[in-house]
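Undergrad: Pasting a predicted model and its sequence here:
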Protein chains: 2
Amino acid sequence: MDRRQQKTRTAIFKAFGTLLGHKNYNNITVQEIIDEANIGRSTFYAHFETKDDLLKELCKELFGHIIDSAIDCSHTHGLYSDNSVPNSVFCHLLQHLEENNNNVLGLLSCESSEIFLRYFKDSLNELVQTQFVNQRREKNILLPNDFLINHISSSFVEMILWWIKGHRKQSPTELDQYFRAVIEPIL
Amino acid sequence: MDRRQQKTRTAIFKAFGTLLGHKNYNNITVQEIIDEANIGRSTFYAHFETKDDLLKELCKELFGHIIDSAIDCSHTHGLYSDNSVPNSVFCHLLQHLEENNNNVLGLLSCESSEIFLRYFKDSLNELVQTQFVNQRREKNILLPNDFLINHISSSFVEMILWWIKGHRKQSPTELDQYFRAVIEPIL
DNA sequence: ATGTTACAAAACGCTTTGTTCGTTATCTAT
DNA sequence: ATAGATAACGAACAAAGCGTTTTGTAACAT
């Protein structure tokens, strides 16, 4: 792919991320993104139809990578197959988050975090679907499968939100413990 | 209070609700609200500073009533004090929701439901805080209190979201069972 | 009945949006 | 190295939406 395209694309993403760091999504204008990215107006619209489109593409890249990495992880040393740390996809996810490549945490911490968390949850749902189908016991036979999946990924995402709002005082391992404590009893 | 004020206020709320029924919040213009409510432009701005302000006020009225009613309920026949149905604040909440006064369900079902759910969760947090403090056992001594509260109200709200997305096939009683099944094991 | 207050309607300046177009700079392939 | 393709620039544009102001009218409370 043309280097120029790649350059402007990342410039836009970076500028967008920077702005999100100290402004609400709704209050960011396209012009601000353009200025921050130092590109021409028509160039922006050549890459993205609207601001919403930019958001969607950013999320696609962001969470696409995260989930892919999680799936890889679960393939290489299998879910719950041994007790070595990290022993769950979620713990792996948490550590991946704390490494904070691509400034994921910055985006999840910003005023408009809700938007990203919602995308995040959708991605997670697919992951949980593939990972937890075989984890069910007789205990919860009365619970519909999709309810359970929704509950698990929601709990994870909302934990992240809580974690961030509390200024990330806990380590990934601690969070993983909390998460297990509320999820494993119902599996 | 002046009858005229009350009339326009409710007219605006109603128009806003109608529009939200088939348009995304972000794509609704003030002018559309004005036309739908059949009022003058300046009148709208005499009542609400912005569209966001209108949203906030609507949520305040909506969830204020719901939570108040829930608190009343818990006072009158006490939480978990007897086994009569409804025996939990949440079951009461669910039934209250299904009665659907003020078109709460309509708003929670619309494209912009996320916004309302977020307000809903904030209100719920306070409720859970007051109701669940004494419910803890030694079992979960390792879990921070605010984590638990967040987990409980998040789970409830996300269940509602799941319920609505699935076209509300379950009854309040069923939902209450699901909710207990994922919450009580960790208390 | 009277003073007060809310509403309607129109016009206003301003900001933001998304598009167009001619020019310039930078790439890729040969 | 060069030619042809393509991306970026930048200025200008119409259109849409916002929030304010003003003037006149109707409804209200007491």
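TA: Everything's here; your move.
Undergrad: can you tell me how far the closest residue to A:Glu126 other than its chain neighbours sits from A:Tyr119?
TA: Closest residue to A:Glu126 in three dimensions, ignoring its sequence neighbours and counting by CB to CB, 6 or more residues apart in numbering or on different chains: A:Ile67, at 7.2 Å. For glycine as for every other residue, the C-beta is placed from the backbone atoms N, C-alpha and C. Using CB to CB, to the nearest Å, one gets 11 Å for the distance from A:Ile67 to A:Tyr119.
Undergrad: Isn't A:Val182 up against B:Glu184?
TA: No: A:Val182 lies out of contact with B:Glu184 (CB atoms under 8 Å); the separation is 11.7 Å.
Undergrad: between those two, who's got more neighbours?
TA: Summary of the neighbour comparison: A:Val182 and B:Glu184, criterion other CB atoms under 10 Å in any protein chain shown, with A:Val182 having more neighbours (24 against 12).
Undergrad: secondary structure class for the more buried one?
TA: With DSSP: H, G, I helix; E, B strand; the rest coil as the basis, A:Val182 sits in helix.
Undergrad: Now do the contacts for it.
TA: Shown here is A:Val182, whose contacts under the criterion CB atoms under 8 Å, 6 or more residues apart in numbering or on different chains are A:Ser155, B:Leu143, B:His151, B:Ile186.
Undergrad: In those residues, find the pair that's most separated.
TA: Farthest apart among the contacts of A:Val182 by CB to CB are A:Ser155 and B:Leu143. That separation is 12.5 Å.
Undergrad: out of these two, which sits in the busier spot?
TA: For A:Ser155 against B:Leu143, the residue with the higher neighbour count under other CB under 10 Å is A:Ser155, and the figures read 21 against 16.
Undergrad: Who are the packing partners of the helix or strand hosting that one?
TA: Per DSSP states H and E: A:Ser155 is located in helix A:145-165. With contacts defined as 3 or more CB pairs under 8 Å, 6 or more residues apart in numbering or on different chains; DSSP states H and E, the packing partners of helix A:145-165 are helix A:89-99, helix A:104-109, helix A:113-132, helix A:172-183, helix B:145-165.
Undergrad: Return the set of buried residues in the third one.
TA: Translated: helix A:113-132. Applying a neighbour-count criterion of 16 or more other CB atoms under 10 Å in any protein chain shown, the buried positions in helix A:113-132 are A:113, A:115-117, A:119-121, A:123-125, A:127-128, A:131-132.
Undergrad: now do the shortest one
TA: Applying a neighbour-count criterion of 16+ other CB under 10 Å, the buried positions in helix A:104-109 are A:Val104, A:Leu105, A:Leu107, A:Leu108, A:Ser109.
Undergrad: for the last one, same thing?
TA: By 16+ other CB under 10 Å, the buried positions in helix B:145-165 come out as B:147-164.
Undergrad: what does the average pLDDT come to for it?
TA: Taken as a whole, helix B:145-165 has a mean pLDDT of 95.
Undergrad: got a list of what A:Glu61 touches?
TA: Remark: with contacts taken as CB under 8 Å, 6+ apart, A:Glu61 is in contact with A:Phe13, A:Asn102.
Undergrad: Give me the pLDDT for the residue sitting nearest the centre point of chain A.
TA: In chain A, the C-alpha closest to the average C-alpha coordinate belongs to A:Phe120, at a distance of 4.0 Å (CA atoms, centre = their mean). Listed pLDDT for A:Phe120 reads 93.
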